[in-house]
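Participant: Next input, structure requested:
(chains A, B and C)
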Amino acid sequence: MPEARTISADKPFSWKAFFLQWEWMLLVLFILVQVANSQLSSYYFNFDKPGDSAMKLIDATMTFLDKAFIALPMAFVIIMGEIDISVGSTVALSAVLMGVSNKAGLPMPAAMCLCLAVGTGCGLLNGVILTRFKELAPMIVTLSTMIIYRGIALIILEDQSVGKFPLWFEFLGWEYVGPSPFMLLAFLVCALIYGVVLHKTTFGRQLYAIGSNRTASYFSGVPVDRIRIAVYTLIGLMSGVTALFLTSRMGSTRPNVAQGYELDVIAMVVLGGVSTSGGKGRMIGVAISVFTVGYLRYGLGLRNVSAQVLMIIVGLLLIFAVMVPNLRQMAAEWMANRKRAV
Amino acid sequence: MSASEGYAKTRDSGETLFARIGKFREVGLFVFIILVMLFTQWKNSNFFTFENIDDLLANASILGILALGMMLVIIARGIDLSIGATLALSGMLAALTIAEHPTLSPWIAVLLGTAIGVVCGAFVGVTVSVFGVLPIIASLGMMYVFRALTYLVSGRRWVSAYQMSDAFKDMATGRWFGIRHYIFIALAFYVAFYYFTNHTRTGRRIYAVGSSPESAAISGIRTRWITWLVYVVMGAISGFCGVLWVAKFASAQGDTASGYEMNVIAACVLGGVNINGGSGKVGGVLLGTLLLGTLNNALPMINMSVFWQNAIQGAIILFAIIVNTLVKRNVDRSNLIRRPI
Amino acid sequence: MVKRMTALAAVLLVCCLMVATAGEKKRYAFIFKSTGNPFGEKLMEGFKTAIEESGAEAILRAPDLPTAEAQIMIIEELIAQNVDGIGLAANDPDALQPVLRKAMRQEIPIVTADSATNPESRLVHINQADPELIGRVQIQAAYDMAGGKGDIAILSATSQATNQNTWIEWMKKELELPKYKDMKLVKVAYGDDLRDKSTSETEALLKTFPDLKVIIAPTTVGIAAAGKVLTDKNLKGKVFLTGLGLPSEMADYIKNGVCPWMYLWNPIDLGYLAGYALVGASDGIMTGTIGEYINAGKLSAKTVVSAGDGGTEIMLGAPFKFDPENIDQWKDVY
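Facilitator: Below you'll find the predicted structure:
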């Protein structure tokens, strides 16, 4: 790689390197998914009625965007080289508390704020435990809080569900602002904010620093503890946001909602090119990956493929997507070796 | 003279014993398990009965065996989320075979299951070691594939007790010296793994690869081979446990053991296996398994609202790891002081 | 020659028409709770038979996890395909309401079977059997098995399973009758429909309540796990087991006497009836009002009655009793 040899701080710009970035691969994958889907099912995109079909496709984003809100801060966590698997339970706990407080007479706007506050609190607690006990791996701490948060939701609501929210609350998950669903608009705005924070602020640069080498960044003055707490708090907040949208879409809630969301979210983030070993990844990749996975599932759903086939396709896609850059590198190495041999 | 010497000796060996316990980093966990057990006994006098301890250990045996395999994977800087699905797939195939050929020896089914596990593990291992896919993604992807295959091979049906031969089911219910087979099997695995990780070259190489893959490669260890190997061992163990599982519950279904990988990982991490690789001990994993096994056994036995069970289980796990960390800090500090200069 | 040409043209025309009508074949979908469940597979099999008898096409779906979220996604996909009707076994009675309202706005009729949604989001529910009867009959079975005396424990699915919770409510009501003054419900345990958890819960019940005479498990995984534990511990005749189970899973334990008898209904007929109700709803013959009749193929006519939750339902029949006499003929069916 030419960049490795230059010692200048500015990387020379290379078109080849620019187009070999993972995000372009993702974009190609995204387009492939669109083409394949419209070939497979006439319900996906009907070329006789393009306007109508496009509306339907925009509409379809509502089926997969609720958990995507967590993917944004999850990218932060994974860029730091850590992981948070308590998010699904945080969603459940915030949603349940919102439902219960609303039922107890708290006005809906206040209950929604409470929902966000509970999510934030759950995230904050994760962050505090992790920074107080630095030896503990995020995996095991969030595994135990995952059990605890859902456990608290179970204590509160037992075997009941709460619902009967005011009608306007359905706006979040079902209504439109102009031609776009509110949820899509909200996601795009959030993604933009997270992208700017990650790529244009000191905070973002520090995340990469922590992910590449936590000890080194600590000694070079990065406030590691504060940043870790902030990131876990953020992911809690966004879990609260997901709880709002999910509850709005379901019209009621109970302690077992959002089960397994953590794995879905992690898969989206990693497919987006964020490396679980930390220090690598970009927000645009995460955003494209959210839509790629979402439309793939939706398109296959329109073909009514069985859950098994869907599982195999999603599983293999996940592996191959991560394998492709490695294969490229392996091929390059092999070529270099052959040249040397000749 | 001799008497005082003997006195000194016993005191001396007592001290070393104490020192040895003090140096054992998971001592906090051990004390914690005892406390949980005592509390349960206080709440329900049937806890410390032979029957219950037998149940506890037999139920924890599969978890314990799986945790050993997972320990190797985590030591080698990996993780395997596909084991629940591998377990289901091999268990299902073994059960289907037994249902087709009822006269077949159950050991053939065990061999078959293990072989299927090896194949599954080899697939995960190749994607991780040869193609360099991150372990969490490779195994997550394979988890979906294996799980789907389980549904497909069974035609989405279950294999039920009446379709299994008695010899097959007796594997799980049979006893040696009044103690169930599974406990002996788990014990044998623990002895073998203790020897393997501490006294064989390959075992030590796993630690080397986990601590620093680069240095391991430079010192001539074939890191890719070792990485592949741990997944194959994990797969073999999952396949083996799949047959044990199916024989124990006398039923094979598509969603067998779904989500079980999280219990196994928890057992490892509770037992002090470093999730970032490089360290982990068989003794620790045993304690981690025992804690989870005790909780699963004890929580239904103390009479409390079922809705509190989850929260309490989570709180105990969190509490245990925090106590263990604090004890470890103390042990490490006192080790530093005690070290002769 | 001209004649032959017209004949050919006529044949071609008929072919074209057939293709055209084949393309416009009505399509009905059924969504079960989750994939790979033998009960659900049989239910969908019955649904498919009924739909095909009416000359339409059946779409069978089931999510990989038994969650309402996954079902919402599938319903959205079916709405986008403009199916002619959706039948479903709901994972949550209320959480599907918004998406089902969307379906109904597009004039897609909704029929539930096995587990209902709330009355607002369905046309009619196909009830396997009266929940009151299901609950009461299990307590009566426990009474007969224990000889009217002793402790009862219930081993259920998850604490969130709405069907099970309704049945357990009725069991508690039945227990209030003076007849049961010597019987006591000591605990409702939840095995979460997991083999390992159901096993430890059963073991704990046996150790915690020494006077336990009957375990009632109104769930297929729970009852089989409990049957296995009681068999392994040689508790036949000391602790009895009854509840709702699959004949295939329970064949061993019914024959060895651990579970003298248990109940279930025929999932194939349940799906079959749901199929006919859905076709009727789509054709406008059935509107889900009390007193209506639908003609359900081999099951003959069924009446729409009022349901306990304020909506309407069609009752399949009484729960079917499986005992050592008849278990052999059912164990290979489902």
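Participant: What about residue A:271, how many residues nearby?
Facilitator: Counted with other CB atoms under 10 Å in any protein chain shown, the neighbours of residue A:271 add up to 25. From N, CA and C alone the C-beta is placed, and that goes for glycine too.
Participant: Excluding residues flanking it in the chain, which one is nearest the most centrally placed residue in chain B?
Facilitator: With distances taken as CA atoms, centre = their mean, the residue of chain B nearest its centroid is residue B:67 (1.8 Å). Of all residues not flanking residue B:67 in the chain, residue B:267 sits nearest, at 4.2 Å (CB to CB, 6 or more residues apart in numbering or on different chains).
Participant: contacting residues for that neighbour?
Facilitator: The neighbours of residue B:267, taking CB atoms under 8 Å, 6 or more residues apart in numbering or on different chains as the test, are B:63, B:64, B:67, B:70, B:285, B:288, B:289, B:291, B:292.
Participant: Look up how far residue B:231 lies from the residue nearest to the centre of chain B.
Facilitator: Using CB to CB, to the nearest Å, one obtains 16 Å as the distance from residue B:67 to residue B:231.
Participant: swap in residue B:141?
Facilitator: 13 Å.
Participant: Those two - which one has more neighbours?
Facilitator: Set residue B:141 next to residue B:231 and count neighbours by other CB under 10 Å: residue B:231 wins out with 31 against 28.
Participant: Might one say that the more buried one is in contact with residue B:120?
Facilitator: No. Under the criterion of CB atoms under 8 Å, residue B:231 makes no contact with residue B:120, lying 9.0 Å away.
Participant: Provide a complete list of residue ranges assigned to strands in the chain.
Facilitator: Picking chain A for this. A:162-163, A:176-177, A:180-181, A:252-253 (DSSP state E).
Participant: that's the wrong chain, I meant chain B
Facilitator: B:175-176, B:179-180.
Participant: and among these, the most buried is which?
Facilitator: Among these, ranked by average contacts under mean count of other CB atoms under 10 Å in any protein chain shown, first place goes to strand B:179-180 (a mean of 18).
Participant: helices or strands up against that strand?
Facilitator: Of the remaining helices and strands, those touching strand B:179-180 by 3 or more CB pairs under 8 Å, 6 or more residues apart in numbering or on different chains; DSSP states H and E are helix B:50-75.
Participant: What's the mean pLDDT across the helix it packs on?
Facilitator: Taken as a whole, helix B:50-75 has a mean pLDDT of 94.
Participant: cool, stretch C:256-266 as well?
Facilitator: 92.
Participant: how about that stretch: buried residues?
Facilitator: Residues of stretch C:256-266 classed as buried: C:258, C:259, C:260, C:261, C:262, C:263, C:264, C:265, C:266 (neighbour count, 16 or more other CB atoms under 10 Å in any protein chain shown).
Participant: Using TSV, please lay out those together with distance to residue B:78 and secondary structure.
Facilitator: Shown next, in TSV, are the buried residues of stretch C:256-266 (distance: CB to CB, whole Å; DSSP: H, G, I helix; E, B strand; the rest coil):
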residue	distance to residue B:78	secondary structure
C:258	44	coil
C:259	44	coil
C:260	50	coil
C:261	50	coil
C:262	45	strand
C:263	48	strand
C:264	45	strand
C:265	48	coil
C:266	48	coil
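Participant: TSV for these, including distance to chain B?
Facilitator: Formatted as TSV, those follow (distance: CB to the nearest CB, whole Å):
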residue	distance to chain B
C:258	11
C:259	12
C:260	17
C:261	16
C:262	14
C:263	18
C:264	14
C:265	18
C:266	17
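Participant: Could you check how far the nearest residue to residue B:120 once chain neighbours are set aside is from chain A?
Facilitator: Using CB to CB, 6+ apart and skipping the chain neighbours, the partner closest in space to residue B:120 is residue B:86 (4.4 Å). Distance, residue B:86 to chain A, using CB to the nearest CB, to the nearest Å: 13 Å.
Participant: so who does residue B:86 touch?
Facilitator: For residue B:86, the contact set (CB under 8 Å, 6+ apart) comprises B:116, B:117, B:120, B:121, B:146, B:235, B:238, B:239, B:242.
Participant: Quick check: the fifth one touching residue B:89?
Facilitator: Yes. The pair residue B:146 and residue B:89 qualifies as a contact (CB under 8 Å) at a distance of 4.9 Å.
Participant: got any residues that touch both of those two?
Facilitator: residue B:120.
Participant: Comparing those two, which residue is more hemmed in?
Facilitator: residue B:89 (32 against 28).
Participant: Surely that one touches residue B:151?
Facilitator: No. Counting by CB under 8 Å, residue B:89 does not reach residue B:151; the two are 9.7 Å apart.
Participant: can you put the strands of chain B in JSON lines and add distance to residue C:30?
Facilitator: Shown next, in JSON lines, are the strands of chain B (distance: least, CB to CB, whole Å):
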{"stretch": "strand B:175-176", "distance to residue C:30": "47"}
{"stretch": "strand B:179-180", "distance to residue C:30": "43"}
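Participant: Make JSON lines out of those and add mean pLDDT.
Facilitator: Output for these, formatted as JSON lines (pLDDT from 0 to 100):
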{"stretch": "strand B:175-176", "mean pLDDT": "88"}
{"stretch": "strand B:179-180", "mean pLDDT": "88"}
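Participant: Which among these is found nearest to residue B:132?
Facilitator: For residue B:132, the closest of the strands of chain B is strand B:179-180, at 42.5 Å, according to CB to CB.
Participant: Bridge partners for residue C:110, pull those for me.
Facilitator: residue C:86 (DSSP bridges).
Participant: Would you agree it is in contact with residue C:99?
Facilitator: No. Counting by CB under 8 Å, residue C:110 does not reach residue C:99; the two are 10.1 Å apart.
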